[in-house]
Structure formats: C-alpha cells, structure tokens
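Student: got a sequence here, can you model it:
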Amino acid sequence: MSISIIIPYYNREKFLQRTLDSVAEQTLRPNELILVDNGSTDNSFEICKSFAEKYNDSNFNIKLIKELRKGACAARNKGAEHATQDYVYFFDSDDIMTPNFCEEINNYISNNTRYDLIAFRTNIVLPNGKKYKRKSYFTTSVEDQIILSTLSTQSCIFEKRFFEKIGKWDESLPCWNDWELGIRIMLSAPNILWIKHTAYHSIISHSESITGNSFSKRYQQITKAINQAEVDVRNITTALKAITGLRLITAGNFYREGSKDLSKQMRLSAFKSQHKIPFQKLFSIYCQRIGIGAWWIYRHILTKFIH
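Tutor: Residues are numbered from 1 along each chain as shown. Here you go, the predicted structure:
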C-alpha cells in the first residue's frame, strides 16, 4: 500500500517494542516504515535496529533515521523528508495500531480518488486497561478545530504533497502542535475522507505519554500554541472569538487543577482580547467552577450569537 508510517521516538524502550509489533502484525504491512530517533539515551535505537533486521524486505522497507534537533515535530518533519509514498501517517511511539488498519486504509485509497486527508476515530486506553472511543467531530470548521480539536496526530493520514503545502509541523511548538496544524489544515479547505464507523488507533494513557494530561505543567507551551493559532486565523473574526473562548476554557482547566495564578493569567489574556464573546464573564465562571461540557456550551454560543 502507498503509505509511509513515521514513528518518532525518544527514550521509549518501555513501550516501543509493543508499538512496532502492532505494525509488523498488520494484515497488510505498509510499504514503508520510518523510525526517527530523536536523541535517545536508552535502548530504543537498538530495539528499532533489531526490528529492522528481522522484518526489513523489499515489500516492507524500514528506514532508521536520526534527528538531533529536539522535539517530536522536528523528528516528524525529518521522517517526512525521507518518505517516498503518496501518503504519510505520523504514529506515536507508545501507541497501538489495530491489525486491520493498513489493509482497510489501502482499500479506501486504491480507488484512484486522491484525498488531502483521511481522518478516523481513535480509542483511549486508560492505565487500568479500560478502553473507550474518543469523541470525534466530523467537520471542516476552523472554529470547531479550535474548540474541539477535530484533528489530532493520531487521527489522520496526510497526502504527502498536501502536508508539504500547508507548511508541515511547526517545530517551535512543543505541545498542542497537532491542534495548531489542524487549524492550518482547515484553513486550506481540504478534501477529507472521513471514516466514521471504526477506530484504528489506540492511544495508551500513562505518566510518560507523549499526548500528556496536565495543563498547568505546560502553561508556557500551551500559551505559545494559542498565540500562534491566533496569528494563523488573524483575518477571521469568528475564529478569533473561538480562541477567546478556548482561553477561558483552558483557564478553567488550570483553575480546577489548583493553579489559580496561571488561570488568572490565561483568563486576563481572554478579557484583554479585542474579540470578546457574549456572556464572557458568566462563561468564565462556569469554566472555573464546573467545566464539564464547556466546549459544547461555547460551540452553542458561537453558532447562535456569533455566526
């Protein structure tokens, strides 16, 4: 199948073998697997080398690449530079691919229809082993991407030329980079194939997860991503108002994690924005005190009072 799977990794010896095995056990293996070492100091590279020695052949080309620039985005971009297939899929080094993923995707892209993006559902696996399907929103709205994060690293495959056209991964963003990339994707009015009926990818939640859970520990990084997104949508008033709402939702997350000073800083950045929203103070209080469903409430505000 005409797809390059790109897996960046840094010190992932605990999880990497399981991830690689999920690729090797595909009912139809990808044409190309690109493993990008981002400066590991543990046994990760040796695990990848052993895997390549075992499985590499003319139908399953495995490339071992090193990228010394720090960060998953730099490693992903480096992997994309070495990709030779029509589509690229960025896969995290601690997650699991369902056995039929490549075969089913191949069935979709073998009918000569060219898509900019193929998007699908994902599963979340909690530390206790419980699995649930991540909420998915099949919409090309820029505002929905801002509020709901419609697209994420794990949920989409890029047509390679489209990926290059939109500017690749922003290497200056250590977190929320897939969210920001998703905004640029939606701004480009892409031709997307939505696969709604199944989930192909299991995101394994753990303390060392690339995806991450704590908001407060990443305040500066999150702020940087939001500021960049604001630049991306600088000419779209409704999108700028969506970012104001996102700042309030994020401030609420900081508050409920106990980081009241960080919450105040984020909240003030929303209040200082020229792109204010209806019921702003009331919505801010709700985000702090309750938070549940805040994204849904704000999406309703956008739809009813702003659009």
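
Student: pretty sure residue 95 sits against residue 18.
Tutor: No - under the criterion of CB atoms under 8 Å, residue 95 makes no contact with residue 18, lying 9.1 Å away. Glycine gets a C-beta too; all of them are placed from N, C-alpha and C.

Student: what helix or strand is the nearest residue to residue 27 once chain neighbours are set aside on?
Tutor: Spatially, and ignoring its direct neighbours in sequence, residue 27 is nearest to residue 103 (4.6 Å; CB to CB, 6 or more residues apart in numbering). Using DSSP states H and E, residue 103 sits in helix 101-109.

Student: same question, residue 180
Tutor: helix 177-187.

Student: strands of the stretch 51-200 of the chain, start to end?
Tutor: Along the stretch 51-200 of the chain, counting by DSSP state E, counting those that start in this stretch, strands occupy 61-66, 87-90, 96-97, 117-125, 131-133, 156-159, 192-204.

Student: correction: the stretch 201-307 of the chain
Tutor: Going by DSSP E, counting those that start in this stretch, the stretch 201-307 of the chain shows no strands.

Student: tell me the contacts of residue 177?
Tutor: Under the criterion of CB atoms under 8 Å, 6 or more residues apart in numbering, the neighbours of residue 177 are 72, 73, 169, 170, 225.

Student: go again using 10 Å as the cut-off
Tutor: For residue 177, the contacting residues are 71, 72, 73, 76, 153, 169, 170, 171, 221, 224, 225, 228, by CB atoms under 10 Å, 6 or more residues apart in numbering.

Student: point out the least confident one among those.
Tutor: Ranked by pLDDT, the contacts of residue 177 bottom out at residue 153, which has 87.

Student: gap between the residue nearest to that residue when sequence neighbours are not counted and residue 98?
Tutor: Counting by CB to CB, 6+ apart, residue 153 lies nearest to residue 178, which is 4.2 Å off, once chain neighbours are set aside. Note on residue 178: its distance to residue 98, by CB to CB, to the nearest Å, is 20 Å.

Student: over to residue 219?
Tutor: Distance, residue 219 to residue 98, using CB to CB: 35 Å.

Student: closest one to residue 44 among the strands of the stretch 51-200 of the chain?
Tutor: strand 61-66 (11.0 Å; CB to CB).

Student: who touches the closest one?
Tutor: 4-6, 8, 20, 23-24, 29-40, 45, 48-49, 51-56, 75, 78-79, 81-85.

Student: now with 6 Å, please.
Tutor: Residues outside strand 61-66 that contact it (CB atoms under 6 Å, 6 or more residues apart in numbering): 32, 33, 34, 35, 36, 37, 48, 52, 56, 82.

Student: contacts for the helix or strand hosting the fifth one next, please.
Tutor: Assigned by DSSP H and E, residue 36 falls within strand 32-37. Taking CB under 6 Å, 6+ apart as the criterion, the residues outside strand 32-37 that touch it are 4-8, 45, 48, 61-67, 75, 78-79, 82, 85.

Student: same thing but 7 Å
Tutor: With contact meaning CB atoms under 7 Å, 6 or more residues apart in numbering, strand 32-37 is reached by 4-9, 23, 44-45, 48, 60-67, 75, 78-79, 82-85.

Student: hmm, residue 60 is touching residue 25, no?
Tutor: No - with contact defined as CB atoms under 7 Å, residue 60 does not count as touching residue 25 (12.0 Å).

Student: so between the two, which is more surrounded?
Tutor: Using other CB atoms under 10 Å as the criterion, residue 60 and residue 25 rank with residue 60 on top: 16 against 12.

Student: neighbours of residue 14, just the number please.
Tutor: Residue 14: 13 neighbours (other CB under 10 Å).
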